[in-house]
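Visitor: just a sequence and a predicted model for now, questions to come.
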Amino acid sequence: MRQVLTISLTKALSNEVDSFINEENMNRSELIREAVTDYIYFKKLKKLRNRMLMHSKKSNIFTDEDVFDLLS
């Protein structure tokens, strides 16, 4: 089931959206769905990365080599 949302864009951003969807052969809804999905994914990834960084700093893990040495 889909829910309809209304968003407000500046004229400049709306023009960019229209240019982009024409180039990519998609519609506005497809673009916005993809953009929101990507945004949520990267926000979750950033939160996870920050949690992992805090843990790795406590464990003195700073590089890929540190991870490799720990696992070897």
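Guide: Looks like it arrived, so ask away. Numbers count the residues shown, from 1 in each chain.
Visitor: which residues are contacting the helix or strand of the chain with the lowest mean pLDDT?
Guide: Within the chain, no helix or strand scores below helix 64-71, which has a mean of 82 by mean pLDDT, DSSP states H and E. Helix 64-71 has contacts (C-beta atoms under 8 Å, 6 or more residues apart in numbering) with 56, 59, 60, 61. All C-beta spots, glycine's among them, are computed from the backbone N, C-alpha and C.
Visitor: where does the biggest helix by length in the chain sit relative to the chain's centre, distance-wise?
Guide: Ranked by number of residues, the top helix in the chain under DSSP state H is helix 28-58. The chain centre lies 5 Å from the centre of helix 28-58; the measure is C-alpha atoms, centre = their mean, to the nearest Å.
Visitor: which strands and helices sit next to it?
Guide: Other elements packing on helix 28-58 under the criterion 3 or more C-beta pairs under 8 Å, 6 or more residues apart in numbering; DSSP states H and E are helix 11-24.
Visitor: okay, buried residues for the helix it packs on please.
Guide: Residues of helix 11-24 classed as buried: residue 21 (neighbour count, 16 or more other C-beta atoms under 10 Å).
Visitor: contacts for it next, please.
Guide: 9, 27, 28, 30, 31.
Visitor: in JSON lines, list the residues you listed along with neighbour count and pLDDT.
Guide: Shown next, in JSON lines, are the contacts of helix 11-24 (neighbours: other C-beta atoms under 10 Å; pLDDT from 0 to 100):
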{"residue": "9", "neighbour count": "12", "pLDDT": "97"}
{"residue": "27", "neighbour count": "10", "pLDDT": "97"}
{"residue": "28", "neighbour count": "14", "pLDDT": "96"}
{"residue": "30", "neighbour count": "12", "pLDDT": "96"}
{"residue": "31", "neighbour count": "15", "pLDDT": "97"}
